[in-house]
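1. my questions are about this predicted structure, shown below with the sequence.
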Amino acid sequence: MSETATPAKTEKKRAINRLKTVYPLRNVVQQDYVNTLQASSEGKPTVWSMLNYWEGDLPLKAMDLNIVYPENYATLLAASGAAEPFLDASDSDGFPTHMCGYGRSTIGYSYRMMKENGGKIPPDAPLGGMAKPALLLGSGIICDARFKWFQALARYFDAPEWCLEMPMMSTFEGTEPDLEEYQVKFLTKEVKDFISFLEKLLKKKMDWAKLEELIDLATKIHETTYRISEARKAIPGPMHSTDFWSSMPPALFFAGDMKISLNLYQDMLAEVQERVKNKESGINYPERYRLIFAELPPWHSLKIFDNLAEKGWNFVFESFGYHNTRPLDLSKISDPCEKLARFSRNFWFNVFPDAKKDGISNPVVETYLKIARGYKADGFFMHPLLSCRAASCSLRTVQHFEQENLNIPSLWVEGDIIDKRVFNPQEVLAKAEAFEQTMDHYRKVRKSKGLDW
């Protein structure tokens, strides 16, 4: 009697075709938390820094300070499913539930550290947690919740708090004659004042040669990541949004050793270019639709993108506020503080001349119009957030302009960056089913109007 062999289970293929180079870049961030905790145990000061678009990051690194970014740590809390106790702790200390999810997470973390654990890291904190700060670096860039949140953190810690500024304005204000030089002077003074503060706080002088070296590395990192973004315009899209979100912190925050990060991004560029050459997609299914994601992702529910990839949805670009623009040529600027001021300002104001030419007052709208054309989008996935007015307030206007100018429809999905209790994945998939018909319709409309996609 012959035995019947038991058939081996067929493993379901992975929906998203992950880049190999994502993993070492992700490890840079994880190792940064480990290194900072080790440095703190040795008595070296730790800085909690807000995303400040590099005005403060490079001076801090030049002074050999260990930096952690609570905004990034909040994404780790959400992605690991550990955010809820920290959100609840913030709520219990009187902060509103509609406040920034990054802020709620950090305030809850601080409350639990200082009021429940006697200054020690909460035992359920992922990656070992964030060491207690010796300095809080806030920022007035983007929204009022950001600097108020860091002022609130000062209630928990015996640590000074500094706030960096960036002029934020509409297109027509931002393109007034001579305004650029005025802004550069303002930002140069911001950088110099911050460095003077650090020198007094630490009782040591700035290493100007090291700062120059870091600015050069920052420029090269941004140039490389800009080239990666440009390569992603290929059809099929060679890199899915989940790979971008996993690999962005070493460029957005300059986490870790910047020389290592530069080499890793150069490896990623080579891998993406190889995929373009071979017409290899960022998803393991035929690319049926090309999506742009706006604005901040549901860090707690990234699995939804696997579900959508199985339907042939390739997210080819995302979150303009996380992407680097082509850097300026700073070689003729001798003052490193002015170099840093121009480097930081360029991120926000590079699109203003085009927006003025097109008569668009909101530069975010101009940015997404350029993205939609360049990446030949079939649709937008709009993610307005319960707890982030700054990332959500422009989305209806973006939706209108994309529809009216390019006949690109938008799927509107309300949610939150950190609190998974206000995001419904099943509802997203149900809406996605109907939205495919909408994208199919507008493909025909675009072609009837002479657009090439």
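-> Received it, and whenever you're ready, just let me know what you need.

2. F194 is in contact with D57, isn't it?
-> No. F194 is beyond contact range of D57, at 10.8 Å (criterion: CB atoms under 8 Å). C-betas here are computed from N, CA, C, even on glycine.

3. who has more neighbours, these two?
-> D57 (25 against 20; other CB atoms under 10 Å).

4. which ones are touching the nearest residue to that one once chain neighbours are set aside?
-> Distance criterion CB to CB, 6 or more residues apart in numbering; nearest residue to D57, sequence neighbours excluded, is F254 at 5.1 Å. Counting by CB atoms under 8 Å, 6 or more residues apart in numbering, F254 makes contact with W54, D57, L58, K61, L214, A218, I221, S261.

5. tell me if L429 really is in a helix.
-> Yes. With DSSP: H, G, I helix; E, B strand; the rest coil as the criterion, L429 is located in a helix.

6. tell me where the model's unsure across the protein.
-> Residues of the chain meeting the criterion pLDDT under 70: 1-11.

7. from F147, how far off is the most centrally placed residue in it?
-> Centroid-nearest residue in the chain: Y322, 3.6 Å away (criterion: CA atoms, centre = their mean). To F147, Y322 is 20 Å away according to CB to CB, to the nearest Å.

8. how about G43?
-> 29 Å.

9. so these two - more neighbours on which side?
-> For G43 versus F147, the count of surrounding residues by other CB under 10 Å is larger for F147: 19 against 6.

10. L153 is in contact with that one, correct?
-> No. With contacts counted by CB under 8 Å, F147 stays clear of L153, the gap being 10.7 Å.

11. enumerate every residue touching F293.
-> S241, F315, F317, E318, S319, F380, F381, H383.

12. confirm it sits in a strand?
-> Yes. Assessed with three-state DSSP, F293 lies in a strand.

13. G359: what secondary structure?
-> Applying three-state DSSP: G359 is coil.

14. sorry, that was for R290
-> strand.

15. is it bridged to anything, and to what?
-> N314 (DSSP bridges).

16. can you name the residues that contact it?
-> Neighbours of R290 in contact, by CB under 8 Å, 6+ apart: I235, G237, N314, V316, Y375, K376, A377, D378, G379.

17. and if we set it to 6 Å?
-> N314, V316, K376, A377, D378 (CB atoms under 6 Å, 6 or more residues apart in numbering).

18. quick one: it from E318, how far?
-> From R290 to E318 the distance is 12 Å (CB to CB).

19. looking at the contacts of F293, which are in strands?
-> F315, F317, E318, F380, F381 (DSSP state E).

20. how many neighbouring residues does the second one have?
-> Here the neighbour count serves as a burial measure; for F317 (other CB under 10 Å) it reads 24.

21. equivalent analysis for the third one, please.
-> The number of residues packed near E318 is 24, by other CB under 10 Å.

22. same deal with the last one?
-> Summarising burial for F381: neighbours were counted as other CB under 10 Å, giving 25.

23. and it, how close does it get to F305?
-> 9 Å.

24. one more: the third one?
-> With distances taken as CB to CB, E318 is found 10 Å from F305.

25. A390 contacts C143, correct?
-> Yes. Between A390 and C143 there is a contact at 3.6 Å, judged by CB atoms under 6 Å.

26. quick one: Y102 from S139, how far?
-> 12 Å.

27. these two: which is more packed in?
-> Y102 (28 against 21).

28. which residues does E55 contact?
-> E55 touches L164, V191, S344, counting by CB under 6 Å, 6+ apart.

29. distance-wise, check it relative to D178.
-> In terms of CB to CB, E55 sits 22 Å off from D178.

30. let me know how buried the residue nearest to T97 when sequence neighbours are not counted is, in neighbour terms.
-> Excluding its sequence neighbours, the residue lying closest to T97 (CB to CB, 6+ apart) is D91, at 5.7 Å. Residues within reach of D91, counting by other CB under 10 Å, total 16.

31. what helix or strand is D91 on?
-> Under the criterion of DSSP states H and E, D91 resides in helix 84-92.

32. over to P24?
-> Going by DSSP H and E, P24 is in helix 22-41.

33. mind listing what's buried in that helix?
-> Under the neighbour-count criterion of 16 or more other CB atoms under 10 Å, helix 22-41 has 22, 24-26, 28-33, 36-37, 39-40 buried.

34. no further queries at this time; thank you.
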